[in-house]
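> 3D, please:
(2 chains)
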Number of protein chains: 2
Amino acid sequence: MTPAGPSKIEGGLCAPQGFRAAGVAAAIKDGSTKNDCALVVSNATAAAAGTFTTNLFKAPPVQLSEAVCRSGHARAVFVNSGNANACTGERGEADARAMAERVAAGLDVAADEVCVLSTGIIGVPLPMDRIANGVDACLGALSPAGGHDAALAIMTTDTVPKETAVEVALGSGVVRIGAIAKGSGMIAPNMATMISLITTDAALDPNHLSDLLRAAVRVSFNCICIDNDMSTSDAVIGLANGASGVPELAPGSEDAATFGAALTAVCTEMAQALVRDGEGASKFVTIDVAGAADDDDARTIARSVAVSQLCKTAFAGEDPNWGRIACAAGYAGADFDPARLCVWLDGVRVMEDGMPADFEEADAAAVMQQPEFTIRMRVGDGPGICVFWTSDLSHEYVTINADYRT
Amino acid sequence: MTPAGPSKIEGGLCAPQGFRAAGVAAAIKDGSTKNDCALVVSNATAAAAGTFTTNLFKAPPVQLSEAVCRSGHARAVFVNSGNANACTGERGEADARAMAERVAAGLDVAADEVCVLSTGIIGVPLPMDRIANGVDACLGALSPAGGHDAALAIMTTDTVPKETAVEVALGSGVVRIGAIAKGSGMIAPNMATMISLITTDAALDPNHLSDLLRAAVRVSFNCICIDNDMSTSDAVIGLANGASGVPELAPGSEDAATFGAALTAVCTEMAQALVRDGEGASKFVTIDVAGAADDDDARTIARSVAVSQLCKTAFAGEDPNWGRIACAAGYAGADFDPARLCVWLDGVRVMEDGMPADFEEADAAAVMQQPEFTIRMRVGDGPGICVFWTSDLSHEYVTINADYRT
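Okay, the predicted model is just below:
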């Protein structure tokens, strides 16, 4: 028997074989000295898949990277922070193409095998001279040890870099998955407002990779909320280069299921890290809904509680206000019998069959005073479940966001 | 020619003929000395119509009042603040019935002609002895001058009472409309989270009254947002008693249109008053969307901007952050060509054809520094329009809501 579950390893984005990465400082934002250009390169052409923002204002780099992922193959992803190249019109489109072409020329690969992503201020054209410097410096710095520098380079208002890697024992051999992610504000469901790059040395058909990535994103990045705003620029891109030597995973096989579970674990770890680093967040709250008619209904209910301003301010105030939770569930838009709703704050049942339960206020308050706690809701006898993660709405959130641009 | 538009008059809820009202203090909330029980009575049976919260957790009094309004006729509405009688199960249903029965007995009318509404803390049974005292005191205090006392009695976290009255010159005579409203937090679209009572001495068939009220609510109370949470308890109820002596308004007539416009103006004044008194609100922001495919699309776009936490914190920070506005429009869910979007802050065009316009940052900032300003958005050439009102998301909002219950 192989051990159950993936095991954590060092190396981040470059833990899988056959990947190199770099992160450099190119002053994309005037006066900045932090790393702001990242490049990850697969030594051989990789299967590529992605999920992208659904915002109508889809930034030019996102449009370009979507097209690359539709083709199913890529060699590299270049990311800059400090400027999102969004709401920049035709010039923005040309700039995104120029970035990809410069990376491609440096690697001697086709331009349509290079994804580019940009994050930061919107409506301002990219400083293409500095981008060119950033591309060139990344090309020169590429290394199998470069994952951490890349993780640093994609940060914007993040306070900590987010990266992870795991080793997955399959029946046919050992493969690895690595990831970096950024985004601490404007995190919302529907695959928007953040960037994550995921590498693996497993071999997968592009469609298979896409299916597994979508399934993983659905229960990870699409189950988080900080402020429910969706940005114009954000994306999850996965590259699978097969460098492990393990044979291509057959869709539906046990190995594919094991790999998919590991991919989901990696995505979940990154998604949770985004919530934990949420702007002004002092609480990490898990919303665990069960008993809904189906998973979509469970998600609708969980999301409604997770995004409610009144619930989130109650979290900040450490107020076990079950009424706001019930209320947000009640207007979510999913049908359930309110006379069946039960709510627990960790182990304290605060609501039973639609009415307040018999509980000690002090016990419930003690749960809320923890930095992390779970709101468990049972809305009926249905099979639908969803686990969602959110943060509180604090004074610090208002402070950060009332004056972000200046 | 009759003068265009309704004219403001004194008298509030009792400005229309044939109505009496009262507001008394009954300590519904322990230790409270403010008015907390309100009663409005029509001297003759009135046509009745209402729009009610869509929350699954519809409080027992709301369910009772909905049934009364479905019957089309009522004599009285009793409202208590301090306790919402929500999430109170069968006991709550019995209590709501008992309230209505006590009012009906005092007035010598049928119990099914009495609406009751409750607002305040949820999950706690009503103190029925105090409610009985409040009902009796209201019955004793009923007066054509009692509208203001009633306006005071329905307040919860409101800082000012909300009431208005207008006189409307119709071709067939003069009628009056009066209104009171409450609600400063949990204000959201879809007719939830606030209470408004509207009286008129015009004569209308109940179905006609219902149609006109729904049309008025759609562009007034359903176009406001403070925090996007919908409560379990809230309602708009209209009573039309015909005491003006003006003949019943014929649906589709010019007089009906004039009356409907006046009713809309009254509802709009009340709705705006709720936003102005929003918890912790320091800005009153009008979102005016034009050029959408239809009014529903325009509303979807306006609402998305109005509820966006990032936009609302930018309002608080007086930051002319057009990017957040465009972003919220882009993920609203209504289809439009992002390359067509133009945005103005009052007279300052900040976005043109999907890109930043050529404007002076200081001019745009000066607009945002005003207590009231308008964000005008043109999304295309369609006929769809919507005007929505919202407030900012301030530190004070967090302070108020992080610790409401204690």
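
> I'd like the distance between A:T313 and chain B.
Taking Cβ to the nearest Cβ, to the nearest Å as the measure, A:T313 falls 4 Å from chain B. Quick note: C-beta positions are derived from backbone N, CA and C, even for glycine.

> again, but for A:G147
30 Å.

> for that residue, give me its contacts.
A:11-15, A:21, A:40, A:163, A:165, A:178, A:180 (Cβ atoms under 8 Å, 6 or more residues apart in numbering or on different chains).

> which bits of the stretch 251-400 of chain A sit near chain B?
Residues of the stretch 251-400 of chain A lying near chain B by Cβ under 8 Å from any Cβ of the partner chain: A:308-310, A:313-314, A:316-317, A:319, A:321-324, A:326-331, A:335-336, A:338-339, A:351, A:353-356, A:393-395, A:397-399.

> circling back: which of the contacts of A:G147 sits closest to chain B?
A:I180 (23.7 Å; Cβ to the nearest Cβ).

> which non-adjacent residue is nearest that closest one?
Excluding its sequence neighbours, the residue lying closest to A:I180 (Cβ to Cβ, 6 or more residues apart in numbering or on different chains) is A:A151, at 4.2 Å.

> can you show me the CA trace of the host helix or strand of that neighbour as CSV?
Using DSSP states H and E, A:A151 sits within helix A:147-153. In CSV, the C-alpha atoms belonging to helix A:147-153 read as follows (Å, rounded to 0.1, in the frame of the first residue of the first chain):
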residue,chain,number,x,y,z
GLY,A,147,10.5,29.4,-6.7
HIS,A,148,10.6,31.5,-3.5
ASP,A,149,11.8,34.6,-5.4
ALA,A,150,8.9,34.1,-7.8
ALA,A,151,6.5,33.8,-4.8
LEU,A,152,7.9,37.1,-3.5
ALA,A,153,7.6,38.8,-6.9
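
> starting at the chain centroid, how far to the helix ranked longest in chain A?
Ordering each helix of chain A by length in residues (DSSP state H) puts helix A:254-276 first. Chain-centre distance of helix A:254-276: 10 Å, with Cα atoms, centre = their mean, to the nearest Å.

> do stretch A:383-397 as well
Using Cα atoms, centre = their mean, the offset of stretch A:383-397 from its chain centre is 14 Å.

> check stretch A:170-180 too.
Here stretch A:170-180 is found 19 Å from its chain centre; the criterion is Cα atoms, centre = their mean.

> quick one: mean pLDDT for that stretch?
Stretch A:170-180 carries an average pLDDT of 97.

> go on, stretch A:122-140?
The pLDDT scores in stretch A:122-140 average 96.

> is chain B within reach of it?
Yes. Stretch A:122-140 lies within reach of chain B by Cβ under 8 Å from any Cβ, at A:122-124.

> over to stretch A:156-170?
No. Judged by Cβ under 8 Å from any Cβ, stretch A:156-170 stays clear of chain B, getting no closer than 12.1 Å.

> how about that stretch as PDB, C-alpha atoms only?
The C-alpha trace of stretch A:156-170 is given here as PDB (Å, rounded to 0.1, in the frame of the first residue of the first chain):
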ATOM      1  CA  THR A 156       1.000  43.100  -3.900                       C
ATOM      2  CA  THR A 157      -0.700  43.900  -0.600                       C
ATOM      3  CA  ASP A 158       0.100  40.400   0.700                       C
ATOM      4  CA  THR A 159       2.000  40.500   3.900                       C
ATOM      5  CA  VAL A 160       3.500  37.000   3.500                       C
ATOM      6  CA  PRO A 161       4.500  35.000   0.400                       C
ATOM      7  CA  LYS A 162       2.300  31.900  -0.300                       C
ATOM      8  CA  GLU A 163       3.900  28.700  -1.600                       C
ATOM      9  CA  THR A 164       3.800  25.000  -1.100                       C
ATOM     10  CA  ALA A 165       4.800  21.700  -2.600                       C
ATOM     11  CA  VAL A 166       3.800  18.100  -2.100                       C
ATOM     12  CA  GLU A 167       5.000  14.700  -3.200                       C
ATOM     13  CA  VAL A 168       2.300  12.200  -4.200                       C
ATOM     14  CA  ALA A 169       2.900   8.500  -4.200                       C
ATOM     15  CA  LEU A 170       0.900   7.000  -7.100                       C
END
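
> need the contact list for A:A235.
A:50-53, A:62, A:65, A:117, A:191, A:195-196.

> 7 Å instead, please
Contacts for A:A235 (Cβ atoms under 7 Å, 6 or more residues apart in numbering or on different chains) come out as A:50, A:52-53, A:62, A:65, A:117, A:195.

> quick one, strands of the stretch 201-350 of chain A?
Applying DSSP state E, counting those that start in this stretch to the stretch 201-350 of chain A gives strands spanning A:224-225, A:235-240, A:284-292, A:342-345, A:348-352.

> got the domain ranges for chain A?
Following automatic domain parsing, one finds the domains of chain A at A:17-276, A:284-402.

> around chain B, pick out the residues from the stretch 51-200 of chain A.
By Cβ under 7 Å from any Cβ of the partner chain, the residues of the stretch 51-200 of chain A that approach chain B are A:54-57, A:87-89, A:122-123, A:186, A:192.

> in chain A, where's the longest strand?
strand A:37-52 (DSSP state E).

> and that one, what does it pack onto?
strand A:19-24, helix A:60-71, strand A:73-83, helix A:128-141, helix A:147-153, helix A:206-218, strand A:235-240 (3 or more Cβ pairs under 7 Å, 6 or more residues apart in numbering or on different chains; DSSP states H and E).

> most neighbours per residue, which of the ones you listed?
Each of these was scored by mean neighbour count; the highest is strand A:235-240, a mean of 28, by mean count of other Cβ atoms under 10 Å in any protein chain shown.

> can you give me the angle that one makes with helix A:60-71?
30 degrees (axes from the mean of the first three to the mean of the last three Cα atoms, to 10 degrees).

> C-alpha coordinates for strand A:235-240, PDB please?
Provided in PDB are the C-alpha atoms of strand A:235-240 (Å, rounded to 0.1, in the frame of the first residue of the first chain):
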ATOM      1  CA  ALA A 235      -6.100  33.600 -12.800                       C
ATOM      2  CA  VAL A 236      -5.000  30.100 -11.800                       C
ATOM      3  CA  ILE A 237      -2.700  28.500 -14.300                       C
ATOM      4  CA  GLY A 238      -1.400  24.900 -14.100                       C
ATOM      5  CA  LEU A 239       1.500  23.400 -16.000                       C
ATOM      6  CA  ALA A 240       2.100  19.600 -16.200                       C
END
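
> hey, which helix or strand in chain A has the poorest pLDDT?
Ranked by mean pLDDT, DSSP states H and E, the weakest helix or strand in chain A is helix A:395-402, scoring a mean of 71.

> since that was my last question, I'll sign off now.
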